[in-house]
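Peer 1: starting from these lines, generate the structure:
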Amino acid sequence: MTTMVTTKPSMWTNFSTWANRYRKWLFAAPAMIFVGLLIAVPLGWTLYLSVTDSEGSVRAASNLVGLSNYFEVLTDTDRFWPAVMRTFVFTGGALAVELILGMCIALLLWRPFRGEKWVRVAILLPLVATPVAVGMMWRLIFDPNIGFANQVLSWVGIPAQPWLSGQYTALPTLMFVDIWQWTPMVVLMLLAGLTSLSDEPDEAARIDGANSWQRFWFVTLPLMRATVIVTIVLRGIDALKTFDILYATKGKGGGSFHEVETLNIYAFGLSFDYNDYGIASTVLILFFLLIIAIMWVLTYRRKANRS
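Peer 2: Residues are numbered from 1 along each chain as shown. Now for the predicted structure:
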């Protein structure tokens, strides 16, 4: 009579089995940890500064002040809430025009035509330059003395305009610059969604006698809803965080920043002009929470549309 001898799996065998089961997470773990630290460490430090009276000086120790910075910022009707309003106006206005203009251009590029490749290259040219370079270029164009924009107005008898320093012209002018540079990105995203659509619904509507507008409004646009929402989320968040175009275009010689003082510009001024890092960090934390809330609403709306 023979007896069966069972051997206990070694520690290495158990680890190999566990690693094989979760290998997809193990391979991604280093990148996930690295990206997580890149987000968590600056965010945690900013959160800490938001509850202190830090002035950014190594010699002067910062003291904990609790939530007093948040109360001070949220009750600031002179700078904070106007900056919030300008941020929404800039983002909403630029995003609306970019979506409408981007959809029109994407529809024109949807069907093949002669010279299509050259037209696509020409449309994508604004994306080649960096935002700082774009800002400096448009700063020269809108210069009140030697700018090309005022020269064109002088040809038709219109007086020179304070494009970048006027109370009612600075923000629309910078919205125009943002639209000029980032509409091609919206075109790319919408065009990708259009090319993924099947031709059958459009052909069926054409056979039923629907015109071009009816086919777009009742067939193409509903099928593009998910793509449009993704475009709004990605481009909207990017527009909310706009800083480089605003700062490079306004510069130090374009008057004060109060005409275009969004939340990013406001926090930058508090940090590097007034050395008030506690209040600046509070503004950035509130701005971060605002972006998270907007992302959650848009994502929830997208899931609701799917269901």
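Peer 1: could you give the average pLDDT over stretch 188-204?
Peer 2: On average, the pLDDT along stretch 188-204 is 88.
Peer 1: oh sorry, the question was meant for stretch 154-165
Peer 2: Here stretch 154-165 scores 87 as its mean pLDDT.
Peer 1: identify the residues contacting that stretch?
Peer 2: Residues from elsewhere that reach stretch 154-165, judged by C-beta atoms under 8 Å, 6 or more residues apart in numbering: 139, 142, 144, 147, 149-150, 153, 169-170, 173-174, 249-250, 254-255, 259. C-beta coordinates here come from the backbone N, C-alpha and C atoms, glycine included.
Peer 1: let's see it at 10 Å
Peer 2: Outside stretch 154-165, the residues within contact range by C-beta atoms under 10 Å, 6 or more residues apart in numbering are 138-139, 141-145, 147, 149-153, 168-174, 176-177, 249-251, 253-256, 259-260.
Peer 1: first-to-last residue distance for that stretch?
Peer 2: One end of stretch 154-165 sits 19 Å from the other (C-alpha to C-alpha, to the nearest Å).
Peer 1: how far is that stretch from where the chain is centred?
Peer 2: Once both centres are worked out by C-alpha atoms, centre = their mean, to the nearest Å, stretch 154-165 turns out to sit 31 Å from its chain's centre.
Peer 1: so for it, what gets flagged as buried?
Peer 2: For stretch 154-165, a neighbour-count test (16 or more other C-beta atoms under 10 Å) marks 161, 162, 163, 164, 165 as buried.
Peer 1: so which of these sit within helices?
Peer 2: Using DSSP state H, no member of the buried residues of stretch 154-165 falls in helices.
Peer 1: of these, closest to residue 295?
Peer 2: residue 164 (31.1 Å; C-beta to C-beta).
Peer 1: derive a ChimeraX selection command for the buried subset of the contacts of stretch 154-165.
Peer 2: Typed into ChimeraX, the line below selects the buried ones among the contacts of stretch 154-165, using 16+ other C-beta under 10 Å:
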select :138,139,141,142,143,144,147,149,150,170,171,173,174,176,177,249,250,254,255,259,260
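Peer 1: show me the contacts for residue 249.
Peer 2: 131-132, 134-142, 163-164, 170, 173-174, 177-178, 260.
Peer 1: skipping adjacent residues, who's closest to the residue nearest the centre of the chain in space?
Peer 2: The residue lying closest to the centre of the chain (C-alpha atoms, centre = their mean) is residue 238, at 0.6 Å. Nearest residue to residue 238 in three dimensions, chain neighbours excluded: residue 182, at 7.5 Å (C-beta to C-beta, 6 or more residues apart in numbering).
Peer 1: give me the number of residues near that neighbour?
Peer 2: The number of residues packed near residue 182 is 23, by other C-beta atoms under 10 Å.
Peer 1: do I have it right that the residue nearest to the centre of the chain meets residue 185?
Peer 2: Yes: using C-beta atoms under 10 Å, residue 238 makes contact with residue 185 at a distance of 8.5 Å.
Peer 1: any weak-confidence spans in the stretch 201-307 of the chain?
Peer 2: Applying pLDDT under 70 to the stretch 201-307 of the chain flags the ranges 251-257, 301-307.
Peer 1: the stretch 1-150 of the chain now?
Peer 2: In the stretch 1-150 of the chain (pLDDT under 70), the answer is 1-12, 15, 57-61.
Peer 1: so how far is residue 146 from residue 91?
Peer 2: Distance from residue 91 to residue 146, counting by C-beta to C-beta, to the nearest Å: 31 Å.
Peer 1: compare these two (neighbour count), which wins?
Peer 2: Using other C-beta under 10 Å, the more surrounded residue of residue 91 and residue 146 is residue 91, with 22 against 9.
Peer 1: quickly find the element holding the more buried one.
Peer 2: Per DSSP states H and E, residue 91 falls inside helix 80-110.
Peer 1: quick one: the helix or strand that that helix is followed by to chain centroid distance?
Peer 2: Proceeding C-terminally, helix 80-110 gives way to helix 116-124 as the next helix or strand, assigned by DSSP H and E. Put simply, helix 116-124 sits 24 Å off its chain's centre (C-alpha atoms, centre = their mean).
Peer 1: quick one: residues contacting residue 130.
Peer 2: Neighbour list for residue 130: 136, 181, 244, 245, 248 [criterion: C-beta under 10 Å, 6+ apart].
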